[in-house]
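In: Sequence first, then the predicted structure, then my questions.
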Protein chains: 2
Amino acid sequence: MDNQLANLIKEKFGIVFGDINLVDQAFTHSSYVNEHRNLHLSDNERLEFLGDAVLELLVSQYLYREFPHLPEGKLTKTRAAIVREESLAEFAKDCGFDAHVKLGKGEENSGGRTRPSLLCDLFEAFLGALYLDQGLDSVLHFLETVVYPKVQAGVFSHERDHKTRLQEVLQRSGDVLIDYRLLKEEGPAHERIFHTEVYCDSKLIGEGQGTSKKNAEQAAAANALQRLAKK
Amino acid sequence: MDNQLANLIKEKFGIVFGDINLVDQAFTHSSYVNEHRNLHLSDNERLEFLGDAVLELLVSQYLYREFPHLPEGKLTKTRAAIVREESLAEFAKDCGFDAHVKLGKGEENSGGRTRPSLLCDLFEAFLGALYLDQGLDSVLHFLETVVYPKVQAGVFSHERDHKTRLQEVLQRSGDVLIDYRLLKEEGPAHERIFHTEVYCDSKLIGEGQGTSKKNAEQAAAANALQRLAKK
């Protein structure tokens, strides 16, 4: 395994693979295998097949527990938004995996390294390799670092209401008082801007602005969710 | 929980639920909830969402390990054949689950109890409940009884070659000698029937007949796979 990749995985995620062949395979695109037939390498497609299912389960379980009142239809919709190609490609880039995938020359020259479908497969293959090497809990721990905070912050629930979401998150461990305070409004009547703060048990946890009181409160809730996700 | 259902699950599969509300919920269709609003029941749809993903992972893992040389495309195709609605509805019926699902009157009268989509959801909801109650290994054990033997027998790999499959299965734990013997042929030339036996290290393990030597060998291999799956 290339040393830079081993260091990246270890330093960024605290993961040391027992079987380094697995991580090598996860970072080997079929185009590389095809151009180096004499090396008898395996590409990452079978690992991607497995990793796809590992991700599906862990995301489903997370959503099931995190949103105890969300009906099946909305759970399915949110899951689909998280595991779609574009999202997984972003995760692969967030992890810095794109720099390390081995591609054939043709694939490299045609921009394969930035192609969402290739990066999505790479991310899933990595999860498959991690699952085989260290089991489900280790993949769960990795997703807790890389994926769940974004879900928590509402990145995949655009149509949902940030205030409701913030309430769910804050009241998970008991009742708290959530209070939105209008700080100031400014500008002429036709383009008025409202500034709002949100407090949890009198502690400031977020602030936002908007063209109406309602929008400003939603913005403050979204800001609070983002801050909470970073904790 | 209805006692007959508890007995069925215990006697047929050796499973005793810690939280019987989960299995109750798995066997409650939304039509029943809608007709009994005063009871404040939960239907099985969220459990189905979770169970679907549990099944997907365990089937993927099984195929990944069982067919170490099958490319990703064929793994995906086989997985799709196993987890499709019709297959899962059959598994639900094999388990005797169809008799125990609670339906609303309208759903019952319109034949809901035999509808594949309803039975498929029921099967997945049961897996979701089992997963929450007892974890992944317990679902794995259940699938080893209910699902994998059918995969082993080649039920979901119609286009695949039974002789190749038999070889994979038998040689998993080391080299063996597989030997097809033509026992007899009978009937007139234009509708000749061939009878073949297959031996593994000189032990008879299957027999079959067909309109050509090749077909008879395939039938013998399929027969051997079925016998092995029942062991």
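Out: Yes, it's here. Residues are numbered from 1 along each chain as shown, chains lettered A, B, ... in the order given.

In: Neighbours of the residue nearest to A:Cys95 when sequence neighbours are not counted, how many?
Out: Leaving aside its chain neighbours, A:Cys95 sits nearest to A:Val146 (6.3 Å; criterion: C-beta to C-beta, 6 or more residues apart in numbering or on different chains). Backbone N, C-alpha and C define where each C-beta goes, glycine included. A:Val146: 17 surrounding residues under other C-beta atoms under 10 Å in any protein chain shown.

In: Quick check: A:Val146 vs chain B, distance?
Out: For A:Val146, the distance to chain B equals 19 Å [C-beta to the nearest C-beta, to the nearest Å].

In: need the contact list for that residue.
Out: A:13, A:91, A:94-95 (C-beta atoms under 8 Å, 6 or more residues apart in numbering or on different chains).

In: List the residues that contact the residue nearest to the spatial centre of chain A.
Out: Geometric centre of chain A, nearest residue: A:Val147, 2.8 Å, by C-alpha atoms, centre = their mean. Neighbour list for A:Val147: A:59, A:82, A:91 [criterion: C-beta under 8 Å, 6+ apart].

In: so where's the longest helix in chain A?
Out: Ranked by residue count, the top helix of chain A under DSSP state H comes out as helix A:45-66.

In: tell me the angle it makes with helix B:45-66.
Out: Interaxial angle, helix A:45-66 versus helix B:45-66 (axes from the mean of the first three to the mean of the last three C-alpha atoms, to 10 degrees): 160 degrees.

In: does chain B sit close to stretch A:43-55?
Out: Yes - for stretch A:43-55, a contact with chain B is found by C-beta under 8 Å from any C-beta of the partner chain, at A:45-46, A:48-50, A:52-54.

In: Would you check the distance separating that stretch from the middle of the chain?
Out: Averaging C-alpha positions (C-alpha atoms, centre = their mean, to the nearest Å) puts stretch A:43-55 18 Å from its chain's average.

In: hang on, the earlier thing: give me the mean pLDDT for the longest helix of chain A.
Out: The average pLDDT for helix A:45-66 rounds to 97.

In: Could you look up the next helix or strand downstream of that helix?
Out: With elements assigned by DSSP states H and E, the helix or strand that comes after helix A:45-66 is helix A:72-83.

In: Farthest pair within the contacts of A:Val146?
Out: Using C-beta to C-beta, these span at most 12.2 Å, a distance reached by A:Phe13 and A:Phe91.

In: quick revisit: now, among the contacts of A:Val146, which is nearest to chain B?
Out: Nearest to chain B among the contacts of A:Val146: A:Phe91, at 18.1 Å, using C-beta to the nearest C-beta.

In: now, which of the contacts of A:Val146 lie within helices?
Out: Among the contacts of A:Val146, the members falling in helices (DSSP H) are A:13, A:91, A:94.

In: of those residues, closest to A:Arg172?
Out: Among the ones in helices among the contacts of A:Val146, and counting by C-beta to C-beta, the member closest to A:Arg172 is A:Phe91, at 24.7 Å.

In: What residues does the closest one make contact with?
Out: A:Phe91 is in contact with A:123, A:146-147, counting by C-beta under 8 Å, 6+ apart.

In: would a markdown table of those residues with secondary structure and distance to B:Leu103 be doable?
Out: Shown next, in a markdown table, are the contacts of A:Phe91 (DSSP: H, G, I helix; E, B strand; the rest coil; distance: C-beta to C-beta, whole Å):
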| residue | secondary structure | distance to B:Leu103 |
| --- | --- | --- |
| A:Phe123 | helix | 41 |
| A:Val146 | helix | 42 |
| A:Val147 | coil | 37 |
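
In: Kindly reformat the residues of stretch A:43-55 next to chain B as JSON lines containing neighbour count.
Out: Shown next, in JSON lines, are the residues of stretch A:43-55 next to chain B (neighbours: other C-beta atoms under 10 Å in any protein chain shown):
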{"residue": "A:Glu45", "neighbour count": "21"}
{"residue": "A:Arg46", "neighbour count": "21"}
{"residue": "A:Glu48", "neighbour count": "22"}
{"residue": "A:Phe49", "neighbour count": "24"}
{"residue": "A:Leu50", "neighbour count": "24"}
{"residue": "A:Asp52", "neighbour count": "24"}
{"residue": "A:Ala53", "neighbour count": "25"}
{"residue": "A:Val54", "neighbour count": "25"}
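
In: related to what we said a few turns ago, buried ones only from the contacts of A:Val146, please, as a ChimeraX command.
Out: Listed next is the ChimeraX selection for buried residues among the contacts of A:Val146, using 16 or more other C-beta atoms under 10 Å in any protein chain shown:
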select /A:91,95
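
In: Could you list the contact residues of chain A toward chain B?
Out: Counting by C-beta under 8 Å from any C-beta, the residues of chain A close to chain B are A:45-46, A:48-50, A:52-54, A:56-57, A:59-61, A:64, A:70-72, A:75-76, A:79, A:136.

In: if we go to 7 Å?
Out: Selection of chain A residues close to chain B by C-beta under 7 Å from any C-beta of the partner chain yields A:45-46, A:48-50, A:53-54, A:56-57, A:60-61, A:64, A:71-72, A:75-76, A:136.

In: Run through the strands of chain A in chain order.
Out: Using DSSP state E, the strands of chain A run over residues A:178-186, A:193-200, A:203-210.

In: nearest to A:Glu35, of those strands?
Out: Smallest distance to A:Glu35 across the strands of chain A (C-beta to C-beta): 51.3 Å, for strand A:203-210.

In: just the angle between that closest one and strand A:193-200, please?
Out: Using the same axes, to 10 degrees: strand A:203-210 against strand A:193-200 is 160 degrees.

In: And strand A:203-210, what does it pack against?
Out: strand A:193-200, helix A:213-230 (3 or more C-beta pairs under 7 Å, 6 or more residues apart in numbering or on different chains; DSSP states H and E).

In: can those go into CSV with extra columns for distance to A:Ala153?
Out: Shown next, in CSV, are the helices and strands packed on strand A:203-210 (distance: least, C-beta to C-beta, whole Å):
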stretch, distance to A:Ala153
strand A:193-200, 15
helix A:213-230, 4
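
In: Worst mean pLDDT among these?
Out: Mean pLDDT is lowest for helix A:213-230 among the helices and strands packed on strand A:203-210, at a mean of 87.

In: Can you give me the end-to-end span of stretch A:61-76?
Out: Stretch A:61-76 has an end-to-end distance of 12 Å (C-alpha to C-alpha, to the nearest Å).
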